[in-house]
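K.L.:
Build me a model from this:
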Amino acid sequence: MSTVLSNGAGRRRKFNLQQFARMKAEGEPIVMVTAYDSTSAKLAEMSGVEVILVGDSVAMVCLGHQNTLPVTLEEMLHHAKAVSRGARTPFLIGDLPFLSYHGTPEDAVLAAGRFLKEAGMDAVKLEGGGERVPAIEAMVKSGIPVMGHLGLTPQKIHQLGGFKPQATTSEAARTLLQEAKRLEEAGIFSLVLESVPAEVAEVVTNALTIPTIGIGAGVNCDGQVLVWHDLLGLDEDFCPPFAKSYRQLGRVIVEGLQEYRAEVKERSFPAPAQTRNMAPTELLDFESRVKTC
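P.N.:
Now for the predicted structure:
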């Protein structure tokens, strides 16, 4: 069953928080994708995806950093504002960047609240387990929907020893399950599971009443998310092993740029179709005036 809803005028209705629970209950997968600007958000909306995440992965795929740690709250808000201007019907989630929610619960609420108040987001996402419960509870109490994130949590990349699979042992998997339950009790509405064994993700998914969103966590999560640049093959030199490039747009873009460069060099662009000329009478008058300059 499709979740792309329309009103009497044929326009889609806004995807809302209650539909996450409904889709889990009905076994309908939730489709989430990252976006970082107005154009990508508009295209994502046109495709019919239900959820857009303004991910802190923007640090790597757009800003050129080696990991997600350097991106600031102000930078995240800048990109979130652009996304909200481009998409109206998907559910929009802003990623809380490193250190924006690691202080007091009050500080976390203020940072998260800016995503809703200033950037037009519908919810926020944060990484971590039980240590984030006070912040989550304070946000939820303040009316801010929160998505959790367990498994490979990129903001702990140095602590984890790199971008590598998590919960691969029985004890680590048990801990992840316990943390997932703690986050659910704290009030999150959904949970991202990143780079964990499919069997672990399935157990966690079945143990929770809230939906799980997988990325590198197998097919049995309640939904899936991919990074825009990975999904569309914008970087031919890199694609995570758990991602799939459905198009190789990086190659198409380079070919287009090469064709543009060649036409400029040979002076075939701009052609008459891209050129504006003066009216003959105006041209004659202009030419006569040039002679007097």
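K.L.:
All the helices of the stretch 1-150 of the chain, in order from the start?
P.N.:
Using DSSP state H, counting those that start in this stretch, the helices assigned to the stretch 1-150 of the chain run over residues 18-26, 38-47, 58-61, 73-86, 105-117, 133-141.
K.L.:
For Tyr36, give me the pLDDT.
P.N.:
The predicted local confidence for Tyr36 comes out at a pLDDT of 98.
K.L.:
again, but for the one 4 residues further on
P.N.:
At Ser40, the pLDDT value in this model is 98.
K.L.:
From Trp228, how far off is it?
P.N.:
Counting by CB to CB, to the nearest Å, the gap from Ser40 to Trp228 is 6 Å. No exception for glycine: its C-beta is placed from N, CA and C like everyone else's.
K.L.:
any idea how the protein splits into domains?
P.N.:
By the assignment in automatic domain parsing, the chain contains the domains 18-247, 253-291.
K.L.:
Let me have those in CSV, adding mean neighbour count and distance to Arg12 as columns.
P.N.:
Formatted as CSV, the entries for the domains of the chain read as follows, by neighbours: other CB atoms under 10 Å; distance: least, CB to CB, whole Å:
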stretch, mean neighbour count, distance to Arg12
domain 18-247, 19, 4
domain 253-291, 10, 29
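K.L.:
thinking again about what came up before, and Ala201, which of the helices of the stretch 1-150 of the chain is closest to it?
P.N.:
For the helices of the stretch 1-150 of the chain, proximity to Ala201 was assessed by CB to CB; helix 18-26 is nearest, at 13.9 Å.
K.L.:
which other helices and strands contact the closest one?
P.N.:
With contacts taken as 3 or more CB pairs under 8 Å, 6 or more residues apart in numbering; DSSP states H and E, helix 18-26 sits against strand 30-34.
K.L.:
Direction included, what does the strand it packs on pair against?
P.N.:
strand 51-54 (parallel), strand 223-226 (parallel) (DSSP bridges).
K.L.:
Turn those into TSV, columns for distance to His158.
P.N.:
Below are the strands paired with strand 30-34 laid out as TSV (distance: least, CB to CB, whole Å):
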stretch	distance to His158
strand 51-54	23
strand 223-226	24
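K.L.:
Would you mind giving the ones you listed as a markdown table with mean pLDDT and distance to Phe189 added?
P.N.:
Putting the strands paired with strand 30-34 into a markdown table (pLDDT from 0 to 100; distance: least, CB to CB, whole Å) gives the following:
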| stretch | mean pLDDT | distance to Phe189 |
| --- | --- | --- |
| strand 51-54 | 98 | 11 |
| strand 223-226 | 98 | 12 |
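K.L.:
In contact with Asp240: list those residues for me.
P.N.:
Not quite, residue 240 is Pro, not Asp. Pro240 makes contact with 163, 216, 227, 230 under the criterion CB atoms under 8 Å, 6 or more residues apart in numbering.
K.L.:
Is it part of a helix or strand, or is it coil?
P.N.:
Pro240 carries the three-state label coil when classified by DSSP: H, G, I helix; E, B strand; the rest coil.
K.L.:
Leaving out sequence neighbours, find the closest residue to the residue most central in space within the chain.
P.N.:
Central residue of the chain (CA atoms, centre = their mean): Thr34, 2.1 Å from the mean position. Here the nearest residue to Thr34 in space, its sequence neighbours aside, is Gly55; by CB to CB, 6 or more residues apart in numbering that works out to 4.3 Å.
K.L.:
Quick one: residues contacting the one you found.
P.N.:
Counting by CB under 8 Å, 6+ apart, Gly55 makes contact with 34, 36, 95, 227.
K.L.:
which residues touch the third one?
P.N.:
Going back to what we said before, that points to Asp95. Contacts for Asp95 (CB under 8 Å, 6+ apart) come out as 53-57, 76, 124-126.
K.L.:
bridging residues for it?
P.N.:
Lys125.
K.L.:
Distance-wise, check it relative to Ala80.
P.N.:
With CB to CB as the criterion, Asp95 and Ala80 are 9 Å apart.
K.L.:
shared neighbours of these two, anything?
P.N.:
Val54.
K.L.:
I'd say His79 and Ser40 touch.
P.N.:
No. Counting by CB atoms under 8 Å, His79 does not reach Ser40; the two are 9.9 Å apart.
K.L.:
any weak-confidence spans in the chain?
P.N.:
Judged by pLDDT under 70, the chain has its weakly predicted residues at 1-11.
K.L.:
Apply 50 and report the result again.
P.N.:
Low-confidence regions of the chain, defined here as pLDDT under 50, cover residues 1-10.
K.L.:
Now do the strands in the stretch 101-250 of the chain.
P.N.:
Counting by DSSP state E, counting those that start in this stretch, the stretch 101-250 of the chain has these strands, from start to end: 123-125, 146-151, 190-194, 212-215, 223-226.
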